[in-house]
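Chemist: here is my input, please return the structure:
(2 chains)
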2 protein chains.
Amino acid sequence: MIDLTEITITDAVREQMARTTDPRLRQIMDAAVRHLHDFAREVKLSPAEWLDAIKFLTEVGHACTPVRQEFILLSDVLGVSALVNALHDKDAVELGTQTSLLGPFYRETAPEVAPGGCIVRNPTAPLVTMYGKVVDTAGNPIPNATVEVWQTDEHGLYDLQLDGVAQMDMRGRMKCDARGNYHFRTVRPLGYSIPLDGPVGKLVQAQARHGFRPSHVHFLIAAPGYRELVTALYFGDDDHVDSDTVFGVSASLVVRARDNDPESPIPGLAAVRYDFSLGRAAQQATGRVGADPTAMAGH
Amino acid sequence: MIDLTEITITDAVREQMARTTDPRLRQIMDAAVRHLHDFAREVKLSPAEWLDAIKFLTEVGHACTPVRQEFILLSDVLGVSALVNALHDKDAVELGTQTSLLGPFYRETAPEVAPGGCIVRNPTAPLVTMYGKVVDTAGNPIPNATVEVWQTDEHGLYDLQLDGVAQMDMRGRMKCDARGNYHFRTVRPLGYSIPLDGPVGKLVQAQARHGFRPSHVHFLIAAPGYRELVTALYFGDDDHVDSDTVFGVSASLVVRARDNDPESPIPGLAAVRYDFSLGRAAQQATGRVGADPTAMAGH
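Modeler: Residues are numbered from 1 along each chain as shown, chains lettered A, B, ... in the order given. Okay, here's the model as predicted:
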């Protein structure tokens, strides 16, 4: 018969879970219990504090709806989404462009955009050109790669926040040409605050964090035989580029718009150039932490 | 500008949380992030697995209602509730009787029971006597301590499961006499399965665990100047006494009913004797992980 103490409890739980049929579930839960118990022991978690944590998690669960995933937001603000992305990157056969967060605003069926087309229906700010190549890790162009982009408007809102699911805007899907080139026009997106009206927002505020994401454009790039790339480009002159609340920014993904770029395919507009590099595909599944919220039924 | 990797992300998050005003919240979240990140790195958590975890946590949140707390159940089956209890015990000024889980069936306003009274309205199984003393850690009786008890019926169900909140049964509140003695009659409770129809039950089944709690009677004992004692007594002849799904059992809390106990205050009935010992009170708050579910509004 066990003499239950704050030490013996951990092996008692591991022993009871040791017959788990799925070996990966066994491994994950064994590690989860060890780290969770270590955490509680380290901070000497009190019953009242643990009840507060349970209340918080319950509120996070209740804030999840078909169009809002508060647990992903929690994962984002604690850096777990970025960490899982980074682990997935490290696992790649070849390292292409660094990844970044998919976020909660991706849509699977964005409208087609012709080369040089504008992804914003009614722009009220100056247009900028975004252009570059999609190449392999040796620098060779990948012909006809698919490039999907999505972003906020010049006021910091996504179409899903403006128009719900009915009307897509500030997003598009395009094909690179035979030499791997893409280019399109858009407005410069504005940075924005994560939703602060839920339990995760309250936590972020209790942590004296500003809650902002810097201005950025999301990219999802795919080509047969290559690893799908989920990333984003961040504007380096945004005040929050060094303190993204969800830790999407990395130095290699920071860009600046140039006013007179002689190589830009559309003269007269400010231009952002970025070449994306794709590693070869392996057996692994997608690198997306997140999904089209309108396709995640039942939440 | 940070070069975001699976290593640098952890300090980036800690730095962003470092201005948290409440020092205890800062300490807890700092440790939570370190251990959570260590866990993800150790098992090389994949994006698909993390999304599965987020889906699971969302389901746990959605299973929480005003009368069901699925996150406490998750905490219970992972041994965190028992661990937090054990940490709280260790923190005591004086060690009295070992504590055990409050569980989700405590009610704050159980009916008064006279000495020797029966806490079951319509017993259909032989009655047993439970009796003993409430003493301090030196063994001196504590006069007039309040003893609250609650348990399942002979079929393994609590009143909340049979009658909802309307009618209390298999529970009672009594006063010890001037020499610290308590005694009451009851039926022997049956062990029972935790709820297996929710996400936590599915996890427990995927772990090839039986899901049962052994037969037990809950006690909450209080007296002015002493630390509130939340514990339970477990019947040693139950098949599951060595493998309680929620890790409430500890050797010091295991009892057996004796058929001919000459000291029993009610001759002719099987009897369980247990003396509870209370430590002196300190500044600490309650040792309850859990609460009367009908008093936890909004969940």
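Chemist: poorly predicted segments of chain A, please.
Modeler: A:283-299 (pLDDT under 70).
Chemist: any chance you could map the helices in it?
Modeler: A:8-16, A:23-43, A:47-63, A:70-77, A:80-90, A:159-163, A:199-206 (DSSP state H).
Chemist: closest to residue B:274 out of the ones you listed?
Modeler: helix A:8-16 (22.1 Å; C-beta to C-beta). For every residue, glycine as well, the C-beta is placed using N, CA and C.
Chemist: who are the packing partners of the closest one?
Modeler: helix A:23-43, helix B:80-90 (3 or more C-beta pairs under 8 Å, 6 or more residues apart in numbering or on different chains; DSSP states H and E).
Chemist: who touches it?
Modeler: Applying C-beta atoms under 8 Å, 6 or more residues apart in numbering or on different chains, the contact partners of helix A:8-16 are A:2, A:4, A:30, A:33-34, A:37, B:78-79, B:82-83, B:86, B:207, B:209, B:243, B:245, B:247.
Chemist: got the CA coordinates for that helix in PDB?
Modeler: Extracted C-alpha coordinates of helix A:8-16, given in PDB (Å, rounded to 0.1, in the frame of the first residue of the first chain):
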ATOM      1  CA  THR A   8       5.800   9.200  -4.200                       C
ATOM      2  CA  ILE A   9       2.700  10.500  -6.000                       C
ATOM      3  CA  THR A  10       4.600  11.100  -9.300                       C
ATOM      4  CA  ASP A  11       5.700   7.500  -9.800                       C
ATOM      5  CA  ALA A  12       2.300   6.200  -8.600                       C
ATOM      6  CA  VAL A  13       0.700   8.200 -11.500                       C
ATOM      7  CA  ARG A  14       3.300   7.000 -14.000                       C
ATOM      8  CA  GLU A  15       2.900   3.400 -13.000                       C
ATOM      9  CA  GLN A  16      -0.900   3.600 -13.400                       C
END
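Chemist: and the angle from it to helix B:70-77?
Modeler: 90 degrees (axes from the mean of the first three to the mean of the last three C-alpha atoms, to 10 degrees).
Chemist: buried set for helix A:8-16?
Modeler: Residues A:8-10, A:12-14, A:16 are the ones in helix A:8-16 that count as buried (16 or more other C-beta atoms under 10 Å in any protein chain shown).
Chemist: got a markdown table for those, with distance to residue B:54 too?
Modeler: Listed next are these as a markdown table, based on distance: C-beta to C-beta, whole Å:
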| residue | distance to residue B:54 |
| --- | --- |
| A:8 | 31 |
| A:9 | 27 |
| A:10 | 25 |
| A:12 | 28 |
| A:13 | 22 |
| A:14 | 24 |
| A:16 | 25 |
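Chemist: what's the closest of the residues you listed to chain B?
Modeler: residue A:13 (3.7 Å; C-beta to the nearest C-beta).
Chemist: grab the nearest non-local neighbour of whichever residue of the stretch 151-299 of chain A sits closest to chain B.
Modeler: Here the residue of the stretch 151-299 of chain A nearest chain B is residue A:250; by C-beta to the nearest C-beta that distance is 3.6 Å. Distances taken as C-beta to C-beta, 6 or more residues apart in numbering or on different chains place residue B:4 nearest to residue A:250, at 3.6 Å, with adjacent residues excluded.
Chemist: how about that neighbour, what does it touch?
Modeler: Counting by C-beta under 8 Å, 6+ apart, the residues that residue B:4 touches are A:82, A:86, A:98, A:247, A:249-251, B:12.
Chemist: packed most tightly, which of the helices and strands packed on helix A:8-16 would that be?
Modeler: Comparing these by mean neighbour count (mean count of other C-beta atoms under 10 Å in any protein chain shown), helix B:80-90 ranks first with a mean of 24.
Chemist: show residues contacting it.
Modeler: A:4-6, A:9-10, A:36-37, A:40-41, A:44-47, A:50, B:72, B:75-76, B:95, B:98-101, B:230, B:246-248, B:284, B:287, B:289-290.
Chemist: gap between it and the chain center?
Modeler: Taking C-alpha atoms, centre = their mean, to the nearest Å, one finds helix B:80-90 lying 10 Å from the centre of the chain it belongs to.
Chemist: tabulate the helices of chain A (JSON lines), appending distance to residue B:203.
Modeler: Formatted as JSON lines, the helices of chain A follow (distance: least, C-beta to C-beta, whole Å):
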{"stretch": "helix A:8-16", "distance to residue B:203": "12"}
{"stretch": "helix A:23-43", "distance to residue B:203": "8"}
{"stretch": "helix A:47-63", "distance to residue B:203": "15"}
{"stretch": "helix A:70-77", "distance to residue B:203": "16"}
{"stretch": "helix A:80-90", "distance to residue B:203": "20"}
{"stretch": "helix A:159-163", "distance to residue B:203": "32"}
{"stretch": "helix A:199-206", "distance to residue B:203": "23"}
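Chemist: circling back: of the helices and strands packed on helix A:8-16, which is nearest residue A:177?
Modeler: Among the helices and strands packed on helix A:8-16, if distance is taken as C-beta to C-beta, the winner is helix A:23-43, at 42.2 Å.
Chemist: just want the angle from that closest one to helix B:23-43.
Modeler: 150 degrees.
Chemist: what's helix A:23-43 packed up against?
Modeler: Right, helix A:23-43 is packed against helix A:8-16, helix B:23-43, helix B:80-90 by 3+ C-beta pairs under 8 Å, 6+ apart.
Chemist: in a markdown table, list the ones you listed along with distance to residue B:217.
Modeler: Listed next are the helices and strands packed on helix A:23-43 as a markdown table, based on distance: least, C-beta to C-beta, whole Å:
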| stretch | distance to residue B:217 |
| --- | --- |
| helix A:8-16 | 22 |
| helix B:23-43 | 34 |
| helix B:80-90 | 17 |
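Chemist: residue A:183 is nearest to which of those helices?
Modeler: Judged by C-beta to C-beta, the one of these that comes nearest to residue A:183 is helix B:23-43, at 37.5 Å.
Chemist: look up how far residue A:161 lies from residue A:75.
Modeler: 20 Å (C-beta to C-beta, to the nearest Å).
Chemist: who has more neighbours, the two?
Modeler: Set residue A:75 next to residue A:161 and count neighbours by other C-beta atoms under 10 Å in any protein chain shown: residue A:75 wins out with 26 against 15.
Chemist: OK, contacts around the residue of the stretch 151-299 of chain A closest to chain B?
Modeler: If you count contacts by C-beta under 8 Å, 6+ apart, then residue A:250 has A:98, A:100, B:1-4 around it.
Chemist: same thing but at 10 Å, please
Modeler: Applying C-beta atoms under 10 Å, 6 or more residues apart in numbering or on different chains to residue A:250 gives the contacts A:82, A:85-86, A:98-100, A:231-232, A:234, A:244, B:1-5, B:8-9, B:12.
Chemist: same question, residue A:130
Modeler: Counting by C-beta under 10 Å, 6+ apart, residue A:130 has contacts A:119, A:147, A:149, A:151, A:182-186, A:188, A:217, A:219, A:233, A:255, A:257, A:264, A:269, A:271-274.
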